[in-house]
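In: Quick one: sequence and predicted model below, then my questions.
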Amino acid sequence: MPTVSSRGDAMRGLAVFISDIRNCKSKEAESKRINKELANIRSKFKGDKTLDGYSKKKYVCKLLFIFLLGHDIDFGHMEAVNLLSSNKYTEKQIGYLFISVLVSSNSDLMKLIIQNIKNDISSPKPVHVNLALHCIANIGSAEMSEAFGQEVPKLLVSAHASESVKQSAALCLLRLIRTLPDAMTYAEWASRVIHLLNDQHMGVVTSAASLIHTLSQLSPGDYKGCVSLAVSRLSRIVTSTYTDLQDYTYYFVPAPWLSVKLLRLLQCYPVPEEPAVRGRLVECLETILNKCQEPPKSKKVQHSNSKNAVLFEAINLIIHIDSEPNLLVRACNQLGQFLQHRETNLRYLALESMCLLAGSEFSADAVKKHRETVINALKTERDVSVRQRAVDLLYAMCDKTNSEEIVAEMLAYLKKADYAIREEMVLKVAILSEKYASDYTWYVDTILQLIRVAGDYVSEEVWHRVIQIVINRDDAQGYAAKTVFENLQAPACHENMVKVGGYILGEFGNLIAGDERSSPLVQFNLLHSKFHLCTPSTRALLLSTYIKFINLFPEIKQTIQNVLQNDNQLRNADVELQQRALEYSQLSSITSQDVLATVLEEMPPFPERESSILAKLKKKKPASVQAIEKEEEKMKKSPPSIENHVNVPKEVPANTVSRLTISNSVDLLGLSTPPATPQQSTNSLLVDVFGSVDQPVAPKPESNISKFLFKNSGVLFENNLIQVGVKCEFKEHTGRVGLFFGNKTGNQLQNFSASVSMGADLQGKVNIAPQKEAPTQIDGGAQVQHFVNLECITFFSGSPNLQLRYQHASTPQQVTLKLPVIINKFMEGTNMPAADFFNRWKQLGQPVQETQKIFQANHPIDTEAAKTKLTGFGMSVLINVDPNPDNLVGSGIVKTKTSQIGCLLRLEPNKEAKMYRLTVRSSVGEVAALLCTMLEEHF
């Protein structure tokens, strides 16, 4: 930028005015001087004498200074606009500055301003073009976006534009896109914008990286070519010394801001498929990790800050890739060194990143090695935010091998934990103890200890769960009754303990009544001693317990009737207590013992529902469903234990006497997803609740489709604003897709819309109808649902599109995804004997009916894993059909509304050569070819 050098540009009058203001001794003196100056300026502007450019500039500058002092300015706008027509840089600069600060976007002068800006944009002088671009970006209104949305990109990709103009154009375009993304076109100049990453000027590359990152989120398909260029540029930066990029080196760290931008840009896309690009990216990440092990080149905090900024963004990219075990373990080890660093921010960031690493199967074991350090941080850390991250990490690293130790440490810390995080800790302890319980005695002990330690923070969902699980497990009922009876004997007993004790003893008190120390009368007296200390809701529950006691222990019937018929109950001011006491008294008096036993019989097991504890935690602090899915995969591979037994409802009524249906062996956490086929395992955990986050930016939407070939639920898309989960159900030629939209921010997502559309290739082949309109807004941290009904008319390839539109912080957002509605979802497995299979195989022997592929195995050859995949795909795996036991054969029928298409499959592994031969035969040749192609990359 030019500098002010001539005497004429010094504006001595402005300097004198500023000096006078500073010398004012009081607020009144300052106001008097300002009013005098405003009157002088107003008279000059209205005078007959035409002011020259210097005078206008001087007076406009004075108005700016007065505005900055907090005074309103209601004139001078036209004079500032006139300055835009000047050929002098300093006069034009002051005009643009005044307009950027004082002129509103809906001003009547805006059309005149836009015309002047257009003149300057086409100016041959780069400094004038830069001033115009800065003004456009500073105002950033929708009108500016519409006026210059097509002009600014031309400057950005122009071969004749200077480097400074390109930098300004990139940042200006970024502001316009954020203001009005729908008014912009992205594809037509995508390739030229991408190649700005190869520009020789580092300033241009830095500005372009910010622009391309936003464009990649709005239109990922058009900008996927940026990946290789970003990797190339990153490689040149991280392998250079600080002398190679001297002008862009910050405290011996070459171009740290650009490095962070490029690493963040690469997280918008999946790992590169080209071996050369992928190898170069891995090499860059290894170099960044290696440089962090080198001795620091400076003791300045700026050096460590810039170095660590690049490191943490590189670790985020490593977590995003999640396919390089060596890098993941190295990243975990590096973060482990930061856990005991003297800098609080580093400890916080290290714990936060390790929470993400704990969800990876490659680095989970490495994270667990730091358990003692994390526990020590929980005990000794002064900063409450760091302690909260330590709790989150312990929760993330917990599994069957360490659950008892981690839960014990969290319970010990809970006694002195900060009040702000106690409720969340209670939920996490309850979830971990339920999920990883090796036996029910430990689970019951843990929850009762939780109530003792933090009873005020134990929500209804927690004590409901322990009751539900005890009712559903015969082997836990006696122990639970004994333990809760012992806890009730404490002098100070929390009300939640009374609720649990009242419910469990009312159902199973007879299991401990044989001991004289817990005889029926002792149990009743113990509970009734707490009665007067409880709230009305707990007293109502205890009255239900008393009527249950009459059925369990007829010998104390008279004692209980005396309590029920007491005036304190029959004339209680609380209507609920009065009604219960009256009805229970009459029930026990006028009915026979058989009728009483029928009405008050033991509660049956509860039916299947989702875990209300986990749902509450997700709502309180949304978590990444991807991490939950990874844990689910681990659980599927490990032998089942306590998790596979009980599903219970969200609410437990106070000793309800209604009969409920009995459910068989199901998931303890109550979150099982219905199986896609009869053969699919029901050990699916935690897939119905969506929440936190963990990846900052989602991969390209299309890359998520393949993972839904073998399952019907999971995360379809995720970025830093929204998470889209999906759960599908299919039966014959119909289906239903449940979409779960989770707001990951603290602000409301407004003007939300979700629409499903079909391309020309799906028209007439698939019918789609939403059950009702999608919600129009999503509150901060909340989740909403939207359901779509499907009907498969005939065979199709491809998938429908899901388009999301919403506003966040007044900025419009748009996401286009592929729904996981694939032809194999309408396939049902069919069982048949070996003779029928081979007869059918021969019938489908025409060349057009068969597709066969021989390919290298992409994964270790595992027969059981292959069976699981084929079952999840929709096939029935036929046992003892193929003479070779290593071969797998399957059969299924693709059911459409107009026809049923039979499909047979044979998978032949060659373990020595690590290859497969896959043969698919179908009555429709196109189906065989499509199924074979879909399966090939997954074996």
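Out: Cool, the structure landed.
In: show me where the stretch 651-800 of the chain has helices.
Out: In order along the chain, the stretch 651-800 of the chain carries no helices (DSSP state H, counting those that start in this stretch).
In: which stretches of it have low pLDDT?
Out: Residues of the stretch 651-800 of the chain that meet the criterion pLDDT under 70 lie in 651-704.
In: Domain parsing of the chain, as residue ranges.
Out: 103-184, 187-294, 363-372+383-599, 705-821, 824-937 (the TED database).
In: mind giving me a markdown table with those domains and columns for distance to residue 347 and mean neighbour count?
Out: Any C-beta I mention is one placed from the backbone N, CA and C, and that applies to glycine too. Formatted as a markdown table, those follow (distance: least, Cβ to Cβ, whole Å; neighbours: other Cβ atoms under 10 Å):
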| stretch | distance to residue 347 | mean neighbour count |
| --- | --- | --- |
| domain 103-184 | 34 | 18 |
| domain 187-294 | 16 | 19 |
| domain 363-372+383-599 | 5 | 19 |
| domain 705-821 | 23 | 18 |
| domain 824-937 | 38 | 17 |
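In: Make JSON lines out of the ones you listed and add distance to residue 66.
Out: Shown next, in JSON lines, are the domains of the chain (distance: least, Cβ to Cβ, whole Å):
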{"stretch": "domain 103-184", "distance to residue 66": "16"}
{"stretch": "domain 187-294", "distance to residue 66": "34"}
{"stretch": "domain 363-372+383-599", "distance to residue 66": "43"}
{"stretch": "domain 705-821", "distance to residue 66": "30"}
{"stretch": "domain 824-937", "distance to residue 66": "68"}
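In: Which one of those lies nearest to residue 352?
Out: Across the domains of the chain, the minimum distance to residue 352, taken as Cβ to Cβ, is reached by domain 363-372+383-599, at 5.4 Å.
In: Pull out the buried positions in the helix or strand where residue 40 lies.
Out: Residue 40 belongs to helix 27-46 when assigned by DSSP states H and E. Of the residues in helix 27-46, those buried under the neighbour-count criterion (16 or more other Cβ atoms under 10 Å) are 30, 34, 37-38, 41, 45.
In: on that earlier part again, so which of the domains of the chain is nearest residue 326?
Out: Taking Cβ to Cβ as the measure, those were each checked against residue 326, and domain 187-294 came out nearest at 8.2 Å.
In: then the helix or strand following the helix holding residue 40 to PDB, C-alphas only?
Out: Past helix 27-46, heading to the C-terminal end, the next element that is a helix or strand (DSSP H and E) is helix 53-68. C-alpha atoms of helix 53-68 as PDB (Å, rounded to 0.1, in the frame of the first residue of the first chain):
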ATOM      1  CA  GLY A  53     -10.700  16.500  -2.400                       C
ATOM      2  CA  TYR A  54      -8.200  17.200   0.400                       C
ATOM      3  CA  SER A  55     -10.800  19.200   2.400                       C
ATOM      4  CA  LYS A  56     -13.400  16.500   2.000                       C
ATOM      5  CA  LYS A  57     -11.000  13.900   3.100                       C
ATOM      6  CA  LYS A  58     -10.000  15.900   6.200                       C
ATOM      7  CA  TYR A  59     -13.600  16.500   7.300                       C
ATOM      8  CA  VAL A  60     -14.600  12.900   6.600                       C
ATOM      9  CA  CYS A  61     -11.700  11.700   8.700                       C
ATOM     10  CA  LYS A  62     -12.900  14.000  11.500                       C
ATOM     11  CA  LEU A  63     -16.400  12.500  11.300                       C
ATOM     12  CA  LEU A  64     -14.800   9.000  11.500                       C
ATOM     13  CA  PHE A  65     -12.900   9.900  14.600                       C
ATOM     14  CA  ILE A  66     -16.000  11.400  16.200                       C
ATOM     15  CA  PHE A  67     -17.900   8.200  15.400                       C
ATOM     16  CA  LEU A  68     -15.200   6.100  17.000                       C
END
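In: out of the domains of the chain, which comes closest to residue 71?
Out: Evaluated over those, closeness to residue 71 peaks at domain 103-184, with 16.7 Å, by Cβ to Cβ.
In: What mean pLDDT does that closest one get?
Out: What domain 103-184 shows for mean pLDDT is 89.
In: First-to-last residue distance for that domain?
Out: Taking Cα to Cα, to the nearest Å as the measure, domain 103-184 stretches 25 Å from start to finish.
In: which secondary element of the protein has the worst mean pLDDT?
Out: Sorting the helices and strands of the chain by mean pLDDT, DSSP states H and E puts helix 625-637 at the bottom, at a mean of 46.
In: buried residues in the helix or strand where residue 91 lies?
Out: Secondary structure from DSSP H and E places residue 91 in helix 89-102. Of the residues in helix 89-102, those buried by neighbour count under the rule 16+ other Cβ under 10 Å are 89-100, 102.
In: next SSE after the host helix or strand of residue 279?
Out: Residue 279 belongs to helix 275-293 when elements are defined using DSSP H and E. Reading on from helix 275-293 to the C-terminus, the next helix or strand found by DSSP H and E is helix 301-321.
In: Which residues does that next one contact?
Out: With contacts defined as Cβ atoms under 8 Å, 6 or more residues apart in numbering, helix 301-321 is touched by 250-253, 256, 259-260, 263-264, 266-267, 271, 285, 288-289, 291-292, 296-297, 324, 327-328, 331, 334-335, 343, 346, 349, 353, 356-357, 360, 695-697, 699.
In: and the closest residue to residue 939 other than its chain neighbours, bridged to which residues?
Out: Counting by Cβ to Cβ, 6 or more residues apart in numbering, the nearest residue to residue 939 once its immediate chain neighbours are dropped is residue 916, at 5.2 Å. In this structure, residue 916 has beta-bridge partners residue 855, residue 909, where bridges are defined by DSSP bridges.
In: which residues sit in contact with residue 916?
Out: Shown in contact with residue 916 (Cβ under 8 Å, 6+ apart): 854-855, 857, 861, 907-910, 939.
In: I'd like the residues you listed as CSV, with pLDDT and distance to residue 812 appended.
Out: As requested, those are exported to CSV (pLDDT from 0 to 100; distance: Cβ to Cβ, whole Å):
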residue, pLDDT, distance to residue 812
854, 89, 49
855, 88, 44
857, 86, 46
861, 85, 49
907, 91, 48
908, 90, 53
909, 90, 51
910, 88, 54
939, 82, 43
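In: which pair in these spans the largest distance?
Out: Distance extremes for these: the farthest pair is 854 and 861 at 14.2 Å, using Cβ to Cβ.
In: which among the contacts of residue 916 gets closest to residue 461?
Out: Proximity of the contacts of residue 916 to residue 461, judged by Cβ to Cβ, is greatest for residue 939, which lies at 42.7 Å.
In: check contacts around that closest one.
Out: Taking Cβ under 8 Å, 6+ apart, we find residue 939 in contact with 855, 857-859, 866, 869, 907, 916, 918.
In: For those, which two are the farthest from each other?
Out: Maximum pairwise distance in the contacts of residue 939, criterion Cβ to Cβ, is 14.9 Å, between 855 and 869.
In: Can you check the pLDDT for residue 223?
Out: Confidence per residue is given as pLDDT, and for residue 223 that number is 89.
In: Surely it is within a helix?
Out: No. Applying DSSP: H, G, I helix; E, B strand; the rest coil, one finds residue 223 to be coil, outside a helix.
In: didn't it look like it was pressed against residue 189?
Out: No. Shown here, residue 223 and residue 189 do not form a contact pair, counting by Cβ atoms under 8 Å, at 10.9 Å.
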